[in-house]
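[1] Make a model of this:
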Amino acid sequence: MKLESLEIPEVKLLFPKKFEDERGFFSETYNQDVFAKAGITQGFVQDNHSLSKTAGVLRGLHFQREPFSQDKLVRVLRGRILDVAVDIRPNSPTLGKSVIAEINADDWNQIFVPRGFAHGFLTLAPDTEVVYKVSRPYTPSAEQTILWNDPDLAIDWPMDESRLVLSAKDANAMSFKDYLKMV
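    You can find the predicted model right below:
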C-alpha cells in the first residue's frame with residue numbers, strides 16, 4: 001500500500017494495491033500492521049456506508065467533540081467525491097486550514113482523516129457510494145457541524161451552490177467563529 005502525507009501531514013492519502021485477473025480483483029484496503037508502520041495506530045470499531053443519488057450532495061463538515069472524536073478512513077466504492085478535512089485542533093499551527101483531495105473508485109484511493117478534523121465531502125458523480133471506518137462509535141450527543149461554506153474557512157467547493165443538496169443540519173451549521181468560542 002502506498003501512503004502519502006498531504007499538506008497537513010497528519011492527513012494521509014492511501015493507495016491500496018489491486019490485484020486483477022479474469023475473475024475480477026482482490027484488494028487489501030486495511031491492514032493494521034501496515035497502518036501501524038505508517039504511524040496510524042488507531043483501531044477502527046465501526047464501518048459506515050452512504051449512497052448519494054445525485055452529484056452535488058454535500059455532507060459535512062462533521063466532527064464529534066472529545067472524548068468521542070473519531071479517526072476516519074474513507075474510500076469510494078462507486079463514483080467520485082471531493083473530500084475535505086478542516087483542522088479544528090485548538091493549538092494547531094494549521095487551525096482552520098483544510099486539506100482537499102479527490103477520492104474515487106477508479107483510482108482506488110483512500111483518505112485517512114485523524115481526530116481533530118472536521119470532515120465533509122461533495123459527490124462529483126451520481127450514485128456515489130462511500131464507505132468509511134471510524135475509531136469510535138457514533139455518539140449523537142457529541143456530534144457537531146461547522147458550516148460548509150463559512151467564509152473564514154474559504155473552501156473552494158467546485159460546484160455552484162444552487163446545485164448542492166444539503167441536509168437541514170448541514171445547511172444550518174455553526175460558523176467556524178462559533179466553534180472557536182466553544183474550545
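[2] Give me the contacts around the worst-scoring helix or strand of the chain on mean pLDDT.
    For the chain, counting by mean pLDDT, DSSP states H and E, helix 32-37 ranks last in confidence among helices and strands (a mean of 87). Under the contact criterion CB atoms under 8 Å, 6 or more residues apart in numbering, helix 32-37 has outside partners 1, 41, 43. From N, CA and C alone the C-beta is placed, and that goes for glycine too.
[3] The last one against Val134, yeah?
    The reference is to Gly43. No - under the criterion of CB atoms under 8 Å, Gly43 is not in contact with Val134, lying 10.4 Å apart.
[4] which one of the two has more residues nearby?
    Neighbour count, other CB atoms under 10 Å: between Gly43 and Val134, Val134 has more, with 21 against 11.
[5] how much space between the more buried one and Asp107?
    22 Å (CB to CB, to the nearest Å).
[6] likewise Val131?
    Distance, Val131 to Asp107, using CB to CB: 15 Å.
[7] if you count what's nearby, which of these two comes out ahead?
    A direct count of neighbours by other CB under 10 Å for Val131 and Asp107 places Val131 higher, at 15 against 12.
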